[in-house]
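> generate a structure from the sequence data that follows.
(2 chains)
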Amino acid sequence: MSVLVVAEHDNKNLKSSTLNTISAAKKLSEDIHLLILGNKIEDLAKSSKSIQLVKKVIICDHEKLENQIPEFSSPIITNLAENYTHILAPSSTFGKNLLPRVSAQLDVTQISDIIGIESQDTFIRPIYAGNAISYVQTDQKINLITVRPTSFEKCEEAGGDAAVENITFIDSEVKTTFVSREVSKSDRPELGNARVVVSGGRGLENSDNFKLLYDLADKLNAAVGASRAAVDSGYIGNEYQVGQTGKMVAPELYIAVGISGAIQHLAGMKESKVIVAINKDLEAPIFNIADYGLSSDLFQAIPEIIKELDLLNQIES
Amino acid sequence: MKVLVAVKRVVDYKVQIRVKSDNSGVETQNVKMSVNPPDENAIEEAVKLKEQGLANEIISVSIGDDKSQDVLRTSMAMGIDRSILVKSQNSLEPLAVAKTLKIIIDKEKPDLVLMGKQAIDDDSNQTGQILSALLNWPQGCFISNLKIENNKVFISREIDEGIENLETSLPAVLTCDLRLNTPRFASLPNIMKAKKKPLETIDIDTLGIDTSSKIKTLKVIEPPKRKAGIMVNDVKELVQKLKYEAKVI
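Predicted coordinates for the structure are as follows:
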């Protein structure tokens, strides 16, 4: 009974989604192996072996694995599969892109985006943008699973001393070449695991107005998110989109600003602990799921909130 | 170039779905059904490739019961030349869908396969990736931009960190993001014309593949409801509540 977790990383650090996925694996087995496929990942292997829950770190270090092209990485996973009852990857764009190829190569059906584990063979996953929750069971020889990171705690990164095993790269004939990656740099917390998220919708009206949200986010040490409408309108990049076809978030505090609350948006944020909605339209569906609603013009409300937060900070200091 | 588009008939994205009272699934009888939204982007892209003179034939395929003819007719009203319905009474898992599509692709020999990145009913996000692996063709997932020049394919993929740009070649399987394009509305004359376009029907049982479910649905339940919240009067009250009641700031 061993579980293989496929690590999401940038060749230097593990993404936090990997730590969430390891926590999910713990519900299945004590014998958790972490597979890191990448380029120049010696340091990453060293830092990963201290994760207490991980018994073995398996690394495949090759220049062709630098950019996570799934055609290169999937055969390596498939080749290891017979040693495991479960293979888990985060259901980020990384895991979604990769694991179904293993499903094809092993001829088993993958279970996508689980939010809970009932037993070794029974899993809970949302369907219809989270408007229904499905309990599914499988008796396949290998369980291929992608894990929704926000549904599982991050595991401890310290305290362990796992063995490290190097495996050889299996070359594949791949016609795809990496060109470039356009990644926005930000000092704010990562959207997927921030404690506070401040999200903007079409109500922001343009990209310049998003600066208001950035100011508020910086006051709260929050990540910035957006509705699909705001991304489609070009106010902000796709990496900020929260919702059924964007990112899933579940922060302690989610502040929805000028977001009406389409089903597809709610799918991405309704697991947040506290939801605040600020919208001048009192009929907006977002108010139905908000813990605190404020019917107000956001262009007045946001500067006022920033002022109030400053006041609070002054009192405290 | 020949392009094949896979489309799925799903509950319309605007419908607030209901879980069946016996918890066996989601009610799909007597609800509005439509083309899976990102599949519409795939159709639009195929039609654009034809308009640009890059594609000479564009076909659509769906798997489902007779009612799935309507999404194929919609695709033809948008500009698809002809359609194939693989008739199946049961709903198929992504692996079986991909195997079915592979058989059609082996026969039709398209140079490019387009489909939506995920179906909005079961949200699996697998079929394109599986199909690409089964065909051993390059895979491009969640694309928001596509350029084809002399058999070279340039794609932009929407990833969690931003955008990734890749170069690959035909034949390829590409899955489409909603931002790839804006699907056109079918005009009434085109809807009428689409009724006369060829729609071939194939029974899935004649394809000789295992379409049985590998995953059993034990039950489907409603998600936990959120407790009703309150409306605050002003910003001051909001900030006080967040600080002293919810204790999140």
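> going by C-alpha atoms from here, please, whenever you check contacts or count neighbours.
Will do.
> count of neighbours near the residue of the stretch 201-317 of chain A found nearest chain B?
Distances between the stretch 201-317 of chain A and chain B by Cα to the nearest Cα are smallest at residue A:291, namely 3.9 Å. Neighbour count for residue A:291, taken as other Cα atoms under 10 Å in any protein chain shown: 20.
> how about it: what's its closest non-neighbour residue?
For residue A:291, ignoring the flanking residues on the chain, the nearest one in space by Cα to Cα, 6 or more residues apart in numbering or on different chains is residue B:229 at 3.9 Å.
> who's in contact with the one you found?
Shown in contact with residue B:229 (Cα atoms under 8 Å, 6 or more residues apart in numbering or on different chains): A:288-293.
> take those and keep only those in strands.
With strands taken from DSSP state E, the overlap with the contacts of residue B:229 comprises A:292-293.
> now the contacts of residue B:229 in CSV, with pLDDT?
Shown next, in CSV, are these (pLDDT from 0 to 100):
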residue, pLDDT
A:288, 95
A:289, 95
A:290, 97
A:291, 98
A:292, 98
A:293, 98
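> could I get the full set of strands for chain B?
Going by DSSP E, chain B shows strands at B:2-6, B:9-11, B:33-35, B:57-64, B:82-87, B:112-116, B:139-149, B:152-159, B:162-169, B:172-176, B:199-203, B:215-221, B:230-231.
> other residues contacting the fifth one?
When you say that, I think you mean strand B:82-87. With contact meaning Cα under 8 Å, 6+ apart, strand B:82-87 is reached by B:58-66, B:68-69, B:72-73, B:76, B:197-204.
> show the buried residues in those.
Neighbour counting with 16 or more other Cα atoms under 10 Å in any protein chain shown marks B:58-65, B:68-69, B:72-73, B:76, B:199, B:201, B:204 as buried within these.
> coming back round to it: can you pull the pLDDT of the residue nearest to residue A:291?
As predicted, residue B:229 sits at a pLDDT of 94.
> and the closest residue to residue A:52 other than its chain neighbours, how many residues sit next to it?
Distance criterion Cα to Cα, 6+ apart; nearest residue to residue A:52, sequence neighbours excluded, is residue A:160 at 3.7 Å. A count of nearby residues for residue A:160, using other Cα under 10 Å, gives 15.
> from what I see, residue A:160 and residue A:56 are in contact.
No - Residue A:160 lies out of contact with residue A:56 (Cα atoms under 8 Å); the separation is 10.2 Å.
> flag every residue of the stretch 151-300 of chain A that's near chain B.
Contacts of the stretch 151-300 of chain A with chain B, taken as Cα under 8 Å from any Cα of the partner chain, map to A:174-184, A:220, A:232, A:237-239, A:247, A:252-253, A:263, A:274, A:288-295.
> of those, which belong to strands?
Mapping these onto strands (DSSP E) picks out A:177-183, A:253, A:274, A:292-294.
> are any of those buried, and which?
Buried among these by 16+ other Cα under 10 Å: A:181, A:253, A:274, A:292-294.
> which of those sits closest to residue B:157?
Of all those, residue A:181 has the smallest distance to residue B:157: 9.3 Å, by Cα to Cα.
> wait, that closest one sits on residue B:165?
Yes - Residue A:181 lies in contact with residue B:165 (Cα under 8 Å); the separation is 6.0 Å.
> list the contacts of residue B:126.
Taking Cα under 8 Å, 6+ apart, one finds A:96, A:100, B:94-95, B:117-118 in contact with residue B:126.
> of those residues - the most surrounded one?
Busiest of the contacts of residue B:126 [other Cα under 10 Å] is residue A:100, holding 33 neighbours.
> any idea how far that residue lies from residue B:139?
11 Å (Cα to Cα, to the nearest Å).
> give me the common contacts of these two.
Residues touching both residue A:100 and residue B:139 (Cα under 8 Å, 6+ apart) are residue B:129.
> which pLDDT value belongs to residue A:135?
Looking at residue A:135, its pLDDT is 98.
> cool, residue A:317 as well?
At residue A:317, pLDDT is 75.
> which one of the contacts of residue B:126 is nearest residue A:113?
Nearest to residue A:113 among the contacts of residue B:126 is residue A:96, at 8.9 Å by Cα to Cα.
> and that closest one, helix, strand or coil?
Secondary structure assignment for residue A:96 (DSSP: H, G, I helix; E, B strand; the rest coil): helix.
> could you find the closest non-adjacent residue to it?
Nearest non-adjacent residue to residue A:96, counting by Cα to Cα, 6+ apart: residue B:125, 6.7 Å away.
> dump the residue contacts of the one you found.
Residues near residue B:125 by Cα under 8 Å, 6+ apart: A:96, A:112, B:117-119.
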